[in-house]
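Student: Using only what follows, build the 3D model:
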Amino acid sequence: MGVAGRLVKDKGHPLLFEAFSKLVSRHPNVYLVVAGSGPWAQRYADLGANVLALGPVPPSKLNGFYNSLDVFLNPTLRPQGLDLTLMEAMQCGKPVVGTRFPSIKGTIVVEEEFGYTFSPNVEALLEVLEKVVGEGKARLAQRGRACKEYAKSMFTASKMASAYERLFLCIKNETYCRYPLAFD
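Tutor: Predicted structure coming up:
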């Protein structure tokens, strides 16, 4: 399992820390790879041998980070726009675990096959992490393939640029909102 980004409270690290510490006591062969910097970096390191705190990972090395995982976690505690880390993980063929906010459920984890969502509390996250462990590597890889196909169709630069263009045109003139896009 892995998580990346700013290691601060509002990104959900208190939830992940507590849920993972409970999970690893039940499943000692589960590991968490943490990429990023912030106040939670040392706390994760304190969990022992089941956690590898990498520190900041340069953008040129993120592909390797994502590809080293079976599943990517994003336990954010606040709604946000499109989450880049979730999209990057899916582009690398990794299923994702994200908080059940409309900004995640409605735009990225739009099908159950792509991963798991949870309410922002320790119990719900732990329940999802137990499901992840229970499904195993083969099932996670299958989910990852579905993520990669979806990401290739939705998160390309040209597809996203066209969607933003349409959004701005719709804001300016409602007429543009009534017609399907050429790539729909």
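Student: Which secondary structure state does the residue most central in space within the chain sit in?
Tutor: Taking Cα atoms, centre = their mean, the centroid of the chain lies closest to Leu86, which sits 3.5 Å from it. Using DSSP: H, G, I helix; E, B strand; the rest coil, the secondary structure recorded for Leu86 is helix.
Student: show me the contacts for it.
Tutor: Phe72, Asn74, Val96, Gly98, Ile104, Ile108, Val109 (Cβ atoms under 8 Å, 6 or more residues apart in numbering). In this view, the C-beta of every residue, glycine as well, is placed from N, C-alpha and C.
Student: Distance of the last one relative to Leu82?
Tutor: Going back to what we said before, that points to Val109. 12 Å (Cβ to Cβ, to the nearest Å).
Student: So for these two, which residue has more residues nearby?
Tutor: The neighbour comparison of Val109 against Leu82 (other Cβ atoms under 10 Å) goes to Val109, with 25 against 12.
Student: Is the more buried one in a helix, a strand, or coil?
Tutor: coil.
Student: Is it correct that Gln142 falls within a helix?
Tutor: Yes - counting by three-state DSSP, Gln142 is found in a helix.
Student: For Asn67, which non-adjacent residue is spatially closest?
Tutor: Cys92 (5.4 Å; Cβ to Cβ, 6 or more residues apart in numbering).
Student: What's the local residue count around that neighbour?
Tutor: Count around Cys92 with other Cβ under 10 Å applied: 20.
Student: how about it, what does it touch?
Tutor: Counted by Cβ under 8 Å, 6+ apart, Cys92 has contacts Asn63, Tyr66, Asn67, Lys148.
Student: and if you look at Leu47?
Tutor: Phe17, Phe20, Ser21, Val24, Leu32.
Student: I'd like to know how far Gly106 sits from Pro79.
Tutor: Gly106 is 10 Å from Pro79, by Cβ to Cβ.
Student: An error on my part: the question was meant for Arg166.
Tutor: Counting by Cβ to Cβ - Arg166 and Pro79 are separated by 23 Å.
Student: Looking at these two, which one has more neighbours?
Tutor: Legend: neighbour count by other Cβ under 10 Å for Arg166 and Pro79, higher for Arg166 (16 against 11).
Student: For the chain, which segments count as helices?
Tutor: Using DSSP state H, the helices of the chain run over 13-26, 40-45, 62-67, 84-91, 102-105, 122-154, 157-172.
Student: which residues of this protein score low on pLDDT?
Tutor: Low-confidence segments of the chain, defined by pLDDT under 70: 176, 179-184.
Student: Tabulate the CA atom coordinates of stretch 167-177 in PDB.
Tutor: Only the C-alpha atoms of stretch 167-177 are listed here, as PDB (Å, rounded to 0.1, in the frame of the first residue of the first chain):
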ATOM      1  CA  LEU A 167     -16.800  23.900 -19.400                       C
ATOM      2  CA  PHE A 168     -15.600  27.400 -20.100                       C
ATOM      3  CA  LEU A 169     -17.800  27.600 -23.200                       C
ATOM      4  CA  CYS A 170     -20.800  26.500 -21.200                       C
ATOM      5  CA  ILE A 171     -20.100  29.100 -18.600                       C
ATOM      6  CA  LYS A 172     -20.000  31.700 -21.300                       C
ATOM      7  CA  ASN A 173     -22.900  30.500 -23.400                       C
ATOM      8  CA  GLU A 174     -25.300  27.800 -22.300                       C
ATOM      9  CA  THR A 175     -25.800  26.700 -25.900                       C
ATOM     10  CA  TYR A 176     -22.500  24.800 -25.800                       C
ATOM     11  CA  CYS A 177     -23.800  22.700 -22.900                       C
END
